[in-house]
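Asks: Sequence first, predicted model second:
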Amino acid sequence: MKSSLVALLSLLPLALSASLVRAGEPEPRFDRIRFSTTVQAEIDNDLVRAVLYAQREGTDAATLSAEVNAAVAWGVEKAKAIPAVRAQTLGYQTSPVYTKQTLTGWRVRQSLRLESAEAATLSALIGTLQQRLGVQSIDYDVSPEARRQAEDRLIVEAVDAFRQRADLVAKSWGQPDYRLVEMQVNTQGSGPQPYPRAAMAMEMQASAAPPIEAGTQAVRVSIEGAIELRVR
C-alpha cells in the first residue's frame, strides 16, 4: 500500500507539468471566409388572376349604386357557376365629381377579383363578363404549393452548390479541412406578371375573350454563409 502511494505521488509532478504545458499553448486560430451561392429555375405560372369592375357616373347616387350592385352581382353569379374559378368582391367606392369646384355628380365603383388555375376557362369567363364589366388588370403567378415544391428542390441544389464552393475554397487555400460556422437560406421569385395594358384596352372594346398565356416565372434560392479554415 505504501509503495503504491509513493508511485502515485511521484506521478503528480509529471501530470501537473503536462497540464501547465497545455495551458500555455496558444488557442487555435481560424481564418473565416464568407461567400454565397445562388440557383434558380423557371417554373410555370399556374394561377391567373383578373380584376374587373363596374363603374357608373351621374347625379343620383342611389341609382348609380343600384346599377353597380346589379352588375357586380351578375358577375359573381356567372363566376360561381364555374367550379374552377374563385371570386371575391373588392372595395366599394362612392366619390363626388366636381366641375370647377362645384359638385356636379357622383362616381360609384366596385371591383370583382377572379382567380383560376385554368387560363382558358378564366379567359372565356372574362369575355362574357365584359358585357357589363370592365377589365382592370390581369396577372399571373405561381401557386403556393407549386412554389414550395420548386423551392424545396432548389434548396437541395443550393446546399450542394454551397458545399462544392466551400470545398473549392478550402482546397485553394491549402486547407482541405474546414468547419461551417454560418448558413442562411433565402428564397425569392420574380413576382406576378401583369397583362399588357394596351392589349387589355383593345380586348375591352371588342368584348372578346382575351388570349391568356401564363408563361413562366423565375424562382431563386440563395445561400449566404461562412466557413472557417484552421491556421496551422
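Replies: That came in fine, so what should we check first? Residues are numbered from 1 along each chain as shown.
Asks: got a list of what residue 156 touches?
Replies: Taking CB atoms under 8 Å, 6 or more residues apart in numbering, we find residue 156 in contact with no residue. (C-beta placed from N, C-alpha, C; glycine too.)
Asks: what helix or strand is residue 223 on?
Replies: Using DSSP states H and E, residue 223 falls within strand 216-231.
Asks: Would you mind listing the buried residues in that strand?
Replies: Buried residues in strand 216-231, counted by 16 or more other CB atoms under 10 Å: 217, 219-223, 225-229.
Asks: Pick the one among those residues closest to residue 157.
Replies: Residue 157 lies nearest to residue 221 out of the buried residues of strand 216-231, by CB to CB, at 7.5 Å.
Asks: Could I get the contacting residues of that closest one?
Replies: Contacts here follow CB under 8 Å, 6+ apart; on that basis residue 221 touches 38-40, 151, 154-155, 157-158, 185-187.
Asks: ok, how many other residues are close to the residue nearest to it when sequence neighbours are not counted?
Replies: Spatial nearest neighbour of residue 221, chain neighbours left out: residue 154 (4.0 Å); criterion: CB to CB, 6 or more residues apart in numbering. Number of residues near residue 154 (other CB atoms under 10 Å) recorded here: 22.
Asks: just checking, residue 154 is part of a strand?
Replies: No - read with DSSP: H, G, I helix; E, B strand; the rest coil, residue 154 is helix and lies in no strand.
Asks: Surely it and residue 220 touch.
Replies: Yes - counting by CB atoms under 8 Å, residue 220 is a contact partner of residue 154 at 7.4 Å.
Asks: Restrict the strand holding residue 223 to CA atoms and write it as CSV.
Replies: Provided in CSV are the C-alpha atoms of strand 216-231 (Å, rounded to 0.1, in the frame of the first residue of the first chain):
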residue,chain,number,x,y,z
THR,A,216,-43.0,31.1,-66.5
GLN,A,217,-41.5,32.8,-63.5
ALA,A,218,-38.0,32.6,-62.1
VAL,A,219,-37.7,31.2,-58.6
ARG,A,220,-34.4,31.6,-56.8
VAL,A,221,-32.7,30.2,-53.8
SER,A,222,-29.5,31.7,-52.4
ILE,A,223,-27.3,30.6,-49.6
GLU,A,224,-25.1,33.0,-47.7
GLY,A,225,-22.7,31.5,-45.2
ALA,A,226,-19.2,31.3,-43.8
ILE,A,227,-16.6,28.7,-43.2
GLU,A,228,-13.5,28.7,-41.1
LEU,A,229,-10.1,27.3,-42.0
ARG,A,230,-7.7,26.4,-39.2
VAL,A,231,-4.4,28.3,-39.4
